[in-house]
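In: would you be able to build a 3D model of this:
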Amino acid sequence: MPTELSKVYNPKEVEKRIYDFWLKSGFFNPDKLPGKRKEPFVIVLPPPNITGSLHMGHALNSTVQDILIRWKRLQGFKTLWLPGTDHAGIATQNVVEKELKKEGLSRFDLGREKFLDRVWQWKEKYGDIILDQLKKIGVSCDWSRARFTMDEKYSLAVKEAFWHYFKKGLIYRQKRVINFCPRCQTSLSDLELEYKEEKGKLWYIKYPLAKSMKYEVRREGNGGTGEGQGRDSPRFVVVATTRPETMLGDTAVAVNPKDQRYKNLIGEKLILPLVGREIPIIADRLIDPKFGTGAVKITPAHDLTDYEIGLRNNLKIIQVIDENGKITKEAPATYQGLSVLEAREKVIADLKNQDLIEKIEDYLHQVPYCYRCQAKIEQIPSWQWFLKMEDLAKIAMKVVKEGKIKFIPKNFEKIYFDWLKNIRDWCISRQIWWGHSLPIFQIGKKSKIKNQKSKINGDVLDTWFSSALWPFAVFDKKKDLERFYPTDVLCTDRDIINLWVARMIFSGMEFMRKIPFRTVYIHPTVLTREGKRMSKSLGTGIDPLNLIEKYGADATRFGIAYQIMGGQDIRFTEDNIVMGRKFCNKLWNASRFVLLQISNSPPASASSAGEWRAGKFQIPNKFQISNSKLQTPADKKILKALNKTIKSVNKDLEKFRFGQAAHKLYDFFWHDFCDVYIEEFKSQKPKVKSHKVLLFVLLTSLKLLHPFIPFITEEIYQKLPIYPVKSAKGGAKQFNRVKKKCLMVEEWP
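Out: Numbering: from 1, shown residues only. Here you go, the predicted model:
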């Protein structure tokens with residue numbers, strides 16, 4: 001007879017055992033899935049950094065992907081969820097450098113080769129921790145195909161991509177103003193910066209005109225010129241800035257060409273305070289007349305916008321801040337060697353002494369920081385490698401505009417298009433040691449692709465350059481690439497739409513001539529109860545491993561999925577995880593009741609009492625239920641509700657409405673099945689009780705719930721006396737006396 005369930009469900013006792021059972025089954029691998037359906041359904045896991053540990057964003061994203069994968073697997077698709085990790089150049093190097101610091105060493109003490117040996121040792125010891133953590137939440141990835149972005153074959157793909165772009169003339173080397181981290185000693189792209197709002201000052205500095213002229217001073221709004229009106233005077237232009245130390249490298253002051261306050265001054269010369277050189281007053285459309293006085297100091301060496309203005313106006317580039325955040329010899333001697341903050345204090349003091357500060361205001365502004373080490377960013381001129389983006393951006397926009405790739409929710413397309421329309425060439429070189437070395441070397445002014453004997457360039461490629469190849473470079477076998485590319489769905493966070501999604505799209509089109517995925521699902525962000533970003537450093541982060549330990553993986557998954565309602569971010573509370581645990585307990589208790597019922601009162605459909613005692617009772621399928629004479633109105637009602645739920649859940653999952661699907665499954669099982677049908681079943685006389693319907697609804701519910709709560713549904717399924725039905729020619733039904741191995745390869749309703 002059917003195996004009884006224990007009185008209480010214990011996820012700690014079940015989850016590891018069930019996961020090991022799944023691994024042993026081999027069904028995470030599409031090559032080992034039963035059934036004749038050949039269509040693949042493919043997701044590549046966004047590769048977490050090898051330095052990472054599981055956070056709520058990972059928990060949500062992996063739950064969403066696993067729901068899709070398990071749903072499609074139950075539908076008979078050859079599902080592949082391919083996992084892997086990213087080498088995370090800057091982040092990993094920082095972690096290992098911190099370890100060395102504890103030993104009183106730096107990477108320079110070890111040298112490049114020995115340092116890289118230490119990084120590989122660290123990777124082997126800690127690099128797969130986050131993948132092991134993902135297993136705890138139940139992800140059904142094909143671990144046999146796991147990849148790392150510095151695997152030998154993956155590295156070869158990265159070099160071939162660089163070579164392709166270089167030969168095509170899209171990669172070039174140039175000295176340009178870039179974002180530079182003084183701590184990491186490397187360049188960063190605009191997308192790798194974190195901006196923090198800080199209280200600062202806005203200094204209004206007087207820049208004297210080089211010669212006296214008669215003109216009428218205009219002080220409309222925050223007017224910026226003085227002194228006097230209609231008379232000779234040592235006039236000046238007032239410039240507002242948040243970074244007075246960079247004025248040591250000024251080569252112009254710019255105004256908007258439409259700003260009437262300065263129309264008569266365009267083309268005149270100013271004397272740069274503290275330095276003494278003449279600089280021109282120029283007009284440029286990028287100047288905002290509403291900022292400060294409308295007159296802006298231009299320092300082409302230390303601001304990206306100023307750099308562009310400088311190129312248009314043929315301005316000299318004078319670098320006064322170096323890679324270490326120190327003032328260079330290009331500045332007056334009194335400032336040389338000072339740190340940026342020291343130079344700022346001295347510049348302000350000197351300006352005050354010369355009565356060249358008109359006023360100082362408090363000012364809130366966004367300050368850029370390194371996204372990895374949190375050091376303040378400097379913008380400096382540097383020789384770097386760039387990838388031309390104009391044509392690639394057009395390709396990336398075209399496939400989304402044509403609907404070949406869809407964003408869900410659709411409003412995230414705006415972020416995608418806005419960046420691509422205003423894109424700069426991509427700085428792809430980094431001055432660190434850990435990563436893919438640029439496969440290139442220098443001979444004089446000529447650049448050539450690296451060969452076996454050549455000396456490599458010291459830079460490595462931006463981590464995102466290699467990650468951009470992920471949807472196809474992960475397939476190291478040609479037959480896998482042909483079968484599984486393009487992939488179906490990318491599930492990711494809004495913060496990397498431009499960092500990663502856009503780059504994967506143009507890379508897929510450039511190298512494979514095919515889109516990398518058909519759908520981009522941007523999942524909600526998990527926020528604190530107060531609606532703020534979670535932060536481990538501030539103590540506001542939630543560790544999903546603690547939730548799994550306390551409530552179980554299924555409760556955690558269901559509680560997360562239950563809150564995903566459209567594009568709205570999630571204000572996380574543990575209440576929903578508690579609800580998930582209660583729901584799992586309800587499922588367990590209801591299943592226990594059903595098994596006890598069929599144990600105590602074997603249905604007439606059992607072929608013999610012996611078969612029943614042996615646990616060989618056939619749970620009916622939909623064909624048998626629909627062709628049998630229903631005995632009670634309750635049976636009809638529950639089957640109608642079940643059919644409605646099946647259709648609704650399918651539609652929700654097709655539309656990526658995970659929360660809505662979870663709500664409907666909860667309502668059906670708890671209310672329609674448990675509160676109504678089971679209670680009516682209890683009150684029925686033994687001879688009219690419909691065990692067939694009771695069992696059928698339970699089994700179908702387990703199938704529907706499996707993508708959301710896989711552990712408990714698999715555990716219950718294994719206790720059911722199930723024998724699959726096999727179709728024969730002519731529509732006849734036969735029993736196949738071979739028990740199915742896993743719920744995850746059952747037939748979806």
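
In: how many residues are close by residue 242?
Out: Neighbour count for residue 242, taken as other Cβ atoms under 10 Å: 14. Every residue, glycine included, has its C-beta placed from N, CA and C.

In: contacts only, for it.
Out: Shown in contact with residue 242 (Cβ atoms under 8 Å, 6 or more residues apart in numbering): 200-203, 363, 365.

In: and it, how close does it get to residue 578?
Out: In this structure, residue 242 and residue 578 are 48 Å apart, going by Cβ to Cβ, to the nearest Å.

In: one step back: which one of the contacts of residue 242 is nearest to residue 18?
Out: Lowest distance from residue 18 to the contacts of residue 242 (Cβ to Cβ) belongs to residue 365, with 53.0 Å.

In: just confirm that closest one is within a strand.
Out: Yes. Counting by DSSP: H, G, I helix; E, B strand; the rest coil, residue 365 falls inside a strand.

In: and it, how many neighbours does it have?
Out: 14.

In: elements contacting the helix ranked longest in the chain?
Out: If you go by DSSP state H, the chain has its longest helix at helix 575-600. Applying 3 or more Cβ pairs under 8 Å, 6 or more residues apart in numbering; DSSP states H and E, we find helix 575-600 packed against helix 544-551, helix 553-561, helix 691-705, helix 710-719.

In: just the strands from the stretch 401-550 of the chain, written as ranges.
Out: Assigned by DSSP state E, counting those that start in this stretch, the stretch 401-550 of the chain shows strands spanning 406-408, 426-427, 429-430, 440-443, 446-449, 460-461, 487-492, 517-522, 526-527.

In: which residues touch residue 706?
Out: If you count contacts by Cβ under 8 Å, 6+ apart, then residue 706 has 70, 74, 713-714, 743-744, 746 around it.

In: which one is it nearest to, not counting chain neighbours?
Out: residue 713 (4.4 Å; Cβ to Cβ, 6 or more residues apart in numbering).

In: next one: residue 558
Out: Nearest to residue 558 is residue 580, by Cβ to Cβ, 6+ apart, at 3.7 Å.

In: for residue 33, what are its contacts?
Out: Residue 33 touches 27, 73, 78-79, 745, counting by Cβ under 8 Å, 6+ apart.

In: ugh, wrong one, I meant residue 86
Out: 47-50, 149, 463, 466-467.

In: among those residues, which ones are in helices?
Out: Mapping the contacts of residue 86 onto helices (DSSP H) picks out 463, 466-467.

In: give the next helix or strand downstream of the host helix or strand of residue 96.
Out: Assigned by DSSP states H and E, residue 96 belongs to helix 89-102. As assigned by DSSP H and E, the chain's next helix or strand after helix 89-102 is helix 107-110.

In: so what does the following helix or strand past that following helix touch, helix or strand wise?
Out: Under the assignment DSSP H and E, the closest C-terminal helix or strand after helix 107-110 is helix 112-126. In terms of contacts (3+ Cβ pairs under 8 Å, 6+ apart), helix 112-126 is packed against helix 89-102.

In: can you list the buried residues in the helix it packs on?
Out: 89-97, 100 (16 or more other Cβ atoms under 10 Å).

In: likewise for stretch 414-433?
Out: With burial defined by 16+ other Cβ under 10 Å, the residues of stretch 414-433 counted as buried are 415-417, 419-420, 423, 425-433.

In: which strand residues bridge the closest residue in space to residue 88 that isn't next to it in sequence?
Out: Excluding its sequence neighbours, the residue lying closest to residue 88 (Cβ to Cβ, 6+ apart) is residue 49, at 3.6 Å. For residue 49, the beta-bridge partners are residue 86 (DSSP bridges).

In: local confidence estimate at residue 233?
Out: Confidence at residue 233, expressed as pLDDT, is 48.

In: ok, back up a step: as a markdown table, the contacts of residue 86 with pLDDT, distance to residue 679 and neighbour count would be great.
Out: Below are the contacts of residue 86 laid out as a markdown table (pLDDT from 0 to 100; distance: Cβ to Cβ, whole Å; neighbours: other Cβ atoms under 10 Å):
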| residue | pLDDT | distance to residue 679 | neighbour count |
| --- | --- | --- | --- |
| 47 | 94 | 49 | 25 |
| 48 | 93 | 46 | 24 |
| 49 | 93 | 51 | 20 |
| 50 | 93 | 53 | 25 |
| 149 | 96 | 55 | 26 |
| 463 | 94 | 58 | 24 |
| 466 | 96 | 59 | 26 |
| 467 | 97 | 54 | 22 |
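
In: between which two of those is the distance greatest?
Out: 48 and 466 (14.7 Å).

In: which intervals of this structure have sub-threshold pLDDT?
Out: Low-confidence segments of the chain (pLDDT under 70): 1-3, 212-234, 441-457, 537, 600-631, 686-689, 722-740.

In: ok, now which ones touch residue 305?
Out: By Cβ under 8 Å, 6+ apart, the residues touching residue 305 are residue 286.

In: okay, and it sits in which element?
Out: Residue 305 belongs to helix 304-312 when assigned by DSSP H and E.

In: beyond that helix, next helix or strand please.
Out: Downstream of helix 304-312 (by DSSP H and E), the next one is helix 340-353.

In: so what touches that next one?
Out: Here helix 340-353 makes contact (Cβ under 8 Å, 6+ apart) with 203, 205, 243-245, 247-248, 273-274, 321, 325-327, 331, 334-335, 338, 357, 378.

In: filter the residues you listed to the buried ones?
Out: Buried members of the contacts of helix 340-353, counted by 16+ other Cβ under 10 Å: 203, 205, 243-245, 247-248, 273-274, 321, 325-327, 331, 335, 338, 357, 378.

In: follow-up on the earlier one: most neighbours among the contacts of residue 706, which one is it?
Out: Highest neighbour count within these: residue 713, with 26 neighbours (other Cβ under 10 Å).

In: fine, thanks again, bye for now.
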